[in-house]
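S.K.: build me a structure from this.
(chains A, B and C)
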Amino acid sequence: MADMPTPCLAAEEFQRRLLNWFDQYGRHDLPWQTPRSAYRVWVSEIMLQQTQVATVIPYFERFMARFPTLEALANAPQDDVLHLWTGLGYYARARNLHKAAQVALEDHDGELPTTSVEALMALPGIGRSTAGAIIAQSSDKQSSDKQRSDKQIPGQQAAILDGNVKRSMTRLHAVSGWPGKPAVERSLWALAEYYTPDTRLADYTQAIMDFGATLCKRSKPHCLICPFNDVCRAYAQGEPQRFPESKPKKTLPTRETIMLMLRDRQGRVWLERRPPSGLWGGLWSLPQFERHGDLNDWLADHVVAPERHAPLVSFTHTFSHFRLSITPQPVNCDRLNGVREDGVWYDVNDPPTLGLAAPVKSLLSQLATFTLDPAPGPSR
DNA sequence: AAGTCGGGGAA
DNA sequence: TTCCCAGACTT
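M.R.: Predicted coordinates:
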């Protein structure tokens, strides 16, 4: 802990103030809190990585209805898992979650190894913070429960460092530098570890997240009613929202792609599976081409009697690190030339269970509106 | 240490 | 528009 900033309060006093605030103002009715189980906490934590609570809730409910247990998840086809992840993004989370469930079923008797942070981190998709969150939330029950769970390991301490904790800690201690930088992150971890208690661990963990999410917000923090405003160094400096420093910005490059909307006489659309890792890994997508020449070659090779229509209007899909300009190209045909195992005819009116990239899903749903036209492909 | 990996909510 | 969200993983 050599690089830990001077704490703004003694750990015990910090915990006392935070838990007192939590008992009165914390969130106690999130879907993964009742009923609480290691499996439900785990799934929620994975979904919540880089994703807002309000976005996650409907996905979480659907996921739990389809996969109520770790075993149900482990035994499901990957297409089913990605289907329920469609639109949530960061699909490696779903692939890793699925894989980790299978590992837990094989190696840990069908349960999450919540005995240690290290055991959890050995599973794909679980890093240090997510491991800490799972340990914390399955280590003891609600504060109101007087009797403790048998599985609780007394005195176990597991810290988290999510966006909420990073924001709170940088403000309370006026930590400069972007938290994504390893040196800054190290000092934030040190603070997080310092304040984390070994009693009421679940409540403390939920409390520090609720504090960041509802009081010490990114913009317009409620400093006047904050239980720490007497010791907060950012507040003392007068501009708490100046912390944390923002990520250095760089201009996003733009890539172009043509998406082939190949339809047969029944109005079905040809989809192909993406490679198992990388962008949109494991999802199904329209065939993509960088240039019209490549598209023409593909049609000549694989399609019997293609009828090209005018391209649809292009649109831009933005990723974290680049923009993708998409030009949809409708083509009608009788059938494919030969049998292909790497694709499927997607019936919009009877959609199969599989994962779709968001812009592909959007295009397919638009298609449904004029699927009965004898000569589809309105030009613009 | 920097890049990859989504999509959407909010200002 | 821009920022960033209960981050992890690869290079």
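
S.K.: which residue, other than its chain neighbours, is closest to the residue in chain A positioned nearest to DNA strand B?
M.R.: Using Cβ to the nearest atom of the strand, the closest approach of chain A to DNA strand B is made by residue A:89 at 2.6 Å. Where you see a C-beta, it was placed from the backbone N, CA and C, and this is true even at glycine. Spatial nearest neighbour of residue A:89, excluding adjacent residues (Cβ to Cβ, 6 or more residues apart in numbering): residue A:51 at 7.2 Å.

S.K.: likewise residue A:92?
M.R.: Nearest to residue A:92 is residue A:281, by Cβ to Cβ, 6+ apart, at 6.6 Å.

S.K.: pretty sure the one you found sits against residue A:95.
M.R.: Yes. Because the distance of 6.6 Å satisfies Cβ atoms under 8 Å, residue A:281 is recorded as touching residue A:95.

S.K.: out of these two, which sits in the busier spot?
M.R.: Neighbours per residue (other Cβ atoms under 10 Å) separate residue A:281 from residue A:95, with residue A:95 holding more: 20 against 16.

S.K.: burial count for the residue nearest to residue A:89?
M.R.: By other Cβ under 10 Å, the residues close to residue A:51 number 15.

S.K.: can I assume it sits in a strand?
M.R.: No. Counting by DSSP: H, G, I helix; E, B strand; the rest coil, residue A:51 is not part of a strand but coil.

S.K.: residues in contact with the closest residue to DNA strand C within the stretch 101-250 of chain A?
M.R.: In the stretch 101-250 of chain A, the residue that lies nearest DNA strand C is residue A:127 (2.4 Å; Cβ to the nearest atom of the strand). When contacts are counted by Cβ atoms under 8 Å, 6 or more residues apart in numbering, residue A:127 touches residue A:121.

S.K.: do the same with residue A:206
M.R.: Counted by Cβ under 8 Å, 6+ apart, residue A:206 has contacts A:22, A:26-27, A:33, A:137.

S.K.: then residue A:5?
M.R.: If a contact means Cβ under 8 Å, 6+ apart, then residue A:5 has A:173, A:175, A:187, A:190-191 as its contacts.

S.K.: ok, and the most crowded of those residues?
M.R.: Greatest neighbour count in the contacts of residue A:5, by other Cβ under 10 Å, goes to residue A:191: 26 neighbours.

S.K.: for that residue, what are its contacts?
M.R.: Taking Cβ under 8 Å, 6+ apart as the contact definition, residue A:191 lies against A:4-5, A:7, A:169, A:173.

S.K.: try residue A:14
M.R.: A:7-8, A:195, A:228.

S.K.: now residue A:243
M.R.: Applying Cβ under 8 Å, 6+ apart, we find residue A:243 in contact with A:167, A:170-171, A:174-176, A:234.

S.K.: mind doing that once more with 6 Å?
M.R.: For residue A:243, the contact set (Cβ atoms under 6 Å, 6 or more residues apart in numbering) comprises A:170-171, A:234.

S.K.: the helix or strand where residue A:207 lies and DNA strand C, any residue contact?
M.R.: Here residue A:207 sits within helix A:201-210, counting by DSSP states H and E. Yes. Judged by Cβ under 7 Å from any atom of the strand, helix A:201-210 comes into contact with DNA strand C at A:206, A:209.

S.K.: so what's the residue count around residue A:199?
M.R.: Other residues near residue A:199 come to 13 when the count uses other Cβ under 10 Å.

S.K.: oh, I was asking about residue A:122
M.R.: Neighbour count for residue A:122, taken as other Cβ under 10 Å: 14.

S.K.: can you tell me the closest non-neighbouring residue to it?
M.R.: Using Cβ to Cβ, 6+ apart, the closest residue to residue A:122 is residue A:113 (7.8 Å).

S.K.: number of residues surrounding that neighbour?
M.R.: 19.

S.K.: any idea how far it is from residue A:362?
M.R.: Residue A:113 sits 39 Å away from residue A:362, going by Cβ to Cβ, to the nearest Å.

S.K.: if we can go back for a sec, now the contacts of residue A:14 as CSV including distance to residue A:294, neighbour count and secondary structure?
M.R.: Putting the contacts of residue A:14 into CSV (distance: Cβ to Cβ, whole Å; neighbours: other Cβ atoms under 10 Å; DSSP: H, G, I helix; E, B strand; the rest coil) gives the following:
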residue, distance to residue A:294, neighbour count, secondary structure
A:7, 59, 17, coil
A:8, 59, 20, coil
A:195, 56, 23, helix
A:228, 59, 20, coil
